[in-house]
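Colleague: give the three-dimensional model of this entry:
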Amino acid sequence: MSWDAYCNLPSAAAGLIAGTDGTQWGKKADWKSSKEENAKICKASIGSMISVGGVKYMIVNQSGPVFFGVKGDNALVIYPLKKCFLAAIGHGPKGNLGALIDEIGKFADSLKKGGY
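Modeller: A predicted model of the protein is given here:
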């Protein structure tokens, strides 16, 4: 299976899996971010501003290991792991946040079982 499969979240308009150093492993759709942006995404914290392809999202909440950012009606969901992280962007009413959280959690669970 390619790394892109871990980004194929049905509710996401775009997705990313990358190493903690920011190196992109796989993506969904037109995810656009630099290695430097990816490294900052991995270190998200509440109140921080995260840039994805020049669009800035404010990290406004955290539930367990998952961070949530918003930009208008769009949402950024970030799930950091030991060796990598998953991130997804959803469009629409707060980016279908509930569905994104569930989906990213399922992919993260399988990665955690593999030691990532």
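
Colleague: from here on, contacts and neighbour counts on C-alpha atoms
Modeller: Noted.

Colleague: which SSE is Phe85 in?
Modeller: strand 84-90 (DSSP states H and E).

Colleague: cool, Trp31 as well?
Modeller: Going by DSSP H and E, Trp31 is not in any helix or strand.

Colleague: Ile78: how many residues sit nearby?
Modeller: Ile78: 29 surrounding residues under other CA atoms under 10 Å.

Colleague: my read: it touches Ala88, true?
Modeller: Yes: with contact defined as CA atoms under 8 Å, Ile78 counts as touching Ala88 (6.7 Å).

Colleague: quick one, strands of the protein?
Modeller: Taking DSSP state E as the criterion, the chain contains strands spanning 14-19, 24-28, 49-52, 55-63, 66-71, 74-80, 84-90.

Colleague: show me the biggest helix of this structure in terms of residues.
Modeller: In the chain, assigned by DSSP state H, the helix with the most residues is helix 97-113.

Colleague: how about residues contacting that one?
Modeller: 6, 9-12, 66, 75, 77, 79, 81, 86-88, 90 (CA atoms under 8 Å, 6 or more residues apart in numbering).

Colleague: can you give the distance of that helix from its chain's centre?
Modeller: Helix 97-113 sits 10 Å away from the centroid of its parent chain (CA atoms, centre = their mean, to the nearest Å).

Colleague: any buried residues in it, and which?
Modeller: Along helix 97-113, these residues count as buried under the neighbour rule (16 or more other CA atoms under 10 Å): 97, 100-101, 103-105, 107-108, 111.

Colleague: dump those residues to TSV, plus distance to Glu37 and pLDDT.
Modeller: As requested, the buried residues of helix 97-113 are exported to TSV (distance: CA to CA, whole Å; pLDDT from 0 to 100):
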residue	distance to Glu37	pLDDT
Leu97	22	80
Leu100	21	89
Ile101	21	90
Glu103	23	93
Ile104	20	94
Gly105	22	93
Phe107	22	93
Ala108	21	95
Leu111	22	95
